[in-house]
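Student: Based on what follows, work out the 3D shape:
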Amino acid sequence: MKRSQFWDHTILVLGALFMLVPVVYALMTSSHDAVSIYKEGLQLSPGGHFVDTYKQVLTEAGGFTKSVTGLTMLWNSLVLGLGFAFGKIIISMLAAYAIVYFRFPLGTFFFWIIFSTLLLPLEVRILPSYEIVQGLGMANTYSGLIIPLIASATGTFYFRQFFKSVPDELVEAARIDGAGPLKFFIDILVPLSKTMIAAIFIIMFVFGWNQYLWPTLITTDESLFTLVRGMKQILQVWIGAQIPDTNQAMALAVLAMLPPVLIVVIFQSWFVKGLVESEK
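Tutor: This next block holds a predicted model:
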């Protein structure tokens, strides 16, 4: 192995270890009881309450109303992640399709207007979004969690770049065969976009899964709490002599990491291929 390769691998290994340390801390700490963690701090050695902690987190009702379990929060996070991913993909594909294949005045201008929304993070538009959702009676609903945030400038940009790389000859051949706009989109563009769809799905699923601010604002019903929201809720139970269940919060943190990691591991080759194809 060359010296340059040795240092490259050394840096990569050190970076991976640096990223894994918090995960190991969370996993090990979740296997201890809350009293030990309160007295001794975060743990780096395994404890004897691993099974009990995760069973309690997943099956026993908790929260202020004692009506929500870890499985419920896991389901809510899954709905939010999948809703974000599929919603953003559908909206982005349709928007990009219209911009690339339909000739209308100021089409390019409207695309850059859409793209400029990347400069407006959720925090900037959260109050008007909340007012609209509240006025429509969508608070404390899955639709209120998902629909207001499914427009995606990032997805629209990537699909636009990919659609522009499709040969004009393919469009002409489809037109000669009598394929209308809808048939061309469904039968030709969607199958060609499989790798791009996989790449955008990973990005948007992780984005939706990790949402905290919007679910915190739009949901007050504990039955709609997500895992990320549940971790914060557990650490807010300092009442009298009661101490926070830090072990349960760490267990939820570990559980919250698993689905995004699995999605990335399973679809990583599609993810890389989709992003590379968008640059052609």
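Student: I'd assumed Leu71 was in contact with Ala61.
Tutor: No - with contact defined as C-beta atoms under 8 Å, Ala61 does not count as touching Leu71 (10.3 Å). Every C-beta, even on glycine, is put in place using the N, C-alpha and C of the backbone.
Student: buried stuff in stretch 208-223?
Tutor: Buried residues in stretch 208-223, counted by 16 or more other C-beta atoms under 10 Å: 208-211, 214-215, 217-219, 222.
Student: first vs last residue of that stretch, how far apart are they?
Tutor: End-to-end distance of stretch 208-223 (C-alpha to C-alpha, to the nearest Å): 18 Å.
Student: same question for that stretch, mean pLDDT?
Tutor: Across stretch 208-223, the average pLDDT comes to 87.
Student: And for whatever helix or strand Glu131 lives in, what's in contact with it?
Tutor: Element membership for Glu131 (DSSP states H and E) is helix 122-135. Residues outside helix 122-135 that contact it (C-beta atoms under 8 Å, 6 or more residues apart in numbering): 139, 144, 148-149, 213-214, 217-218.
Student: Name the nearest residue to Phe225, sequence neighbours excluded.
Tutor: In this structure, Phe225 finds its nearest non-sequential neighbour in Met73, 5.4 Å apart by C-beta to C-beta, 6 or more residues apart in numbering.
Student: And the pLDDT for the one you found?
Tutor: For Met73, the model assigns a pLDDT of 88.
Student: And Pro244, by the same measure?
Tutor: 73.
Student: and if you look at Trp238?
Tutor: In this model, Trp238 carries a pLDDT of 50.
Student: And Ile146, by the same measure?
Tutor: pLDDT, Ile146: 91.
Student: how near is it to Lys232?
Tutor: Applying C-beta to C-beta, to the nearest Å, the value for Ile146 to Lys232 is 20 Å.
Student: Then Gly208?
Tutor: Distance, Gly208 to Lys232, by C-beta to C-beta: 18 Å.
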